[in-house]
Structures are given as structure tokens and as C-alpha cells.
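Participant: Sequence plus predicted model, see below.
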Amino acid sequence: MRTEVRIAGFGGQGVIMAGVIIGKAASLFDNKNAVQTQSYGPEARGGASRTEVVIDDEVIDYPKVTSPDILVAMSHEALIKYMGDLKDEGVLIIDPDMIVEEEIVDFVKEHKIKLFRAPATKTATEDVGLRIVANIVMIGAIVKVTDVVSVDAAKQAILD
């Protein structure tokens, strides 16, 4: 079954690395087909950044995400920019410390979105002491609330 994942935020959050890890977990360790693409601004840090991963048990004929099943928003700007693309009844994972949730309440209800809050930045900063690992924390959230890749595959891909 084809699953489309979009992870978005700003440069420096490790968004693209998160997509690479999810793609690697699916293709190398879960024996699925996966394609990962990325887009980012010219800034080294702070500009818009996104990665898209298509995962399927079958051959992937079209490598682009058109209507993600899963949207991971690590910044408010990314959420506002991409939430309209999310499939009805799709999965939305947000970092609540980076999002103004009041602005999306109606959208979530109207489209029957499954909303999950993963305080990745706070967890990375307070528990690990490194804000830069928020992307790895977010991968943990993706694995926990979806079946896009297995826990073991995610662990192996992170360590690889």
C-alpha cells in the first residue's frame, strides 16, 4: 500500500535527515520500496525545508507526494503551508512548542485529521541536552503513531 509522508520545518531542524532515515528504514530494513525527495531554501539555517517520502510494497511509479497520508510539522510556517495538502482523515504530527494550535482547530475537525502532539524540540533540549536531535525524537513519534516503518527498522536506520 502506498503511503505518502511529508516532513516540514525550517533549515537546521534536521528535516531532510529525518526523511532520509525514514526512507532508509523502509527500504533497507523493512524490505519496502521507498523514494525520498527534498526541497529547501538557499539559507543554511532558518529557511523553509521539507522532505517527502513515498513508501510502497509495490513498485513506485510516481515519486512525488501529492496528498500526504502523514504530515509532520516542525514549524508553524510549515504547518500552515502544507496542511491543506493532507488527506482527509490523515495523520498530522506537530511539535506543539513550535505551533499555534488555535489556528488549525477548524481544519482538523473539518477534515477529520488524526492530530498527535510530539514535543520533539522540548524533549531534545531538556532530556538530551541537544536541540539538534529533535528530528530523531520526531522519528520516534512517527514510528509510534503510524505503521509507516517498524521500530526495529527505524532504530537500525538511525544507527546506520
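Facilitator: In hand now; what should we look at? Numbers count the residues shown, from 1 in each chain.

Participant: Can you name the element that comes right after the top helix by length along the chain?
Facilitator: Ranked by number of residues, the top helix in the chain under DSSP state H is helix 134-145. Per DSSP states H and E, the first helix or strand lying C-terminal to helix 134-145 is helix 151-159.

Participant: I'd like to check what contacts that next one. Which residues are they?
Facilitator: Outside helix 151-159, the residues that touch it by C-beta atoms under 8 Å, 6 or more residues apart in numbering are 21-22, 24-26, 28-30, 136, 139-140, 142-143, 149. The C-beta positions use only the backbone N, C-alpha and C, and glycine is treated the same way.

Participant: Narrow these to just the buried residues.
Facilitator: The neighbour-count test (16 or more other C-beta atoms under 10 Å) marks 21-22, 24-26, 29-30, 136, 139-140, 142-143, 149 as buried among the contacts of helix 151-159.

Participant: circling back: out of the contacts of helix 151-159, which comes closest to P63?
Facilitator: A26 (13.5 Å; C-beta to C-beta).

Participant: so the closest one sits in a strand?
Facilitator: No: assignment of A26 by DSSP: H, G, I helix; E, B strand; the rest coil gives helix, placing it outside any strand.

Participant: what's near enough to touch it?
Facilitator: K32, N33, A34, V53, I55, V148, V149, A153.

Participant: For the nearest residue to it once chain neighbours are set aside, give its distance to E126.
Facilitator: The spatially closest residue to A26, leaving aside those adjacent along the chain, is A34, at 4.1 Å (C-beta to C-beta, 6 or more residues apart in numbering). Distance, A34 to E126, using C-beta to C-beta, to the nearest Å: 32 Å.

Participant: out of the two, which sits in the more crowded spot?
Facilitator: A34 (23 against 10; other C-beta atoms under 10 Å).

Participant: what bits of the protein have low per-residue confidence?
Facilitator: 41-47 (pLDDT under 70).

Participant: Tell me where it has helices.
Facilitator: 15-24, 76-82, 105-110, 120-123, 134-145, 151-159.

Participant: which helices and strands does the second one pack with?
Facilitator: Using 3 or more C-beta pairs under 8 Å, 6 or more residues apart in numbering; DSSP states H and E as the contact criterion, the elements in contact with helix 76-82 are strand 3-10, strand 48-56, strand 70-73.

Participant: Flag every buried residue along it.
Facilitator: For helix 76-82, using 16+ other C-beta under 10 Å, the buried residues are H76, A78, L79, Y82.
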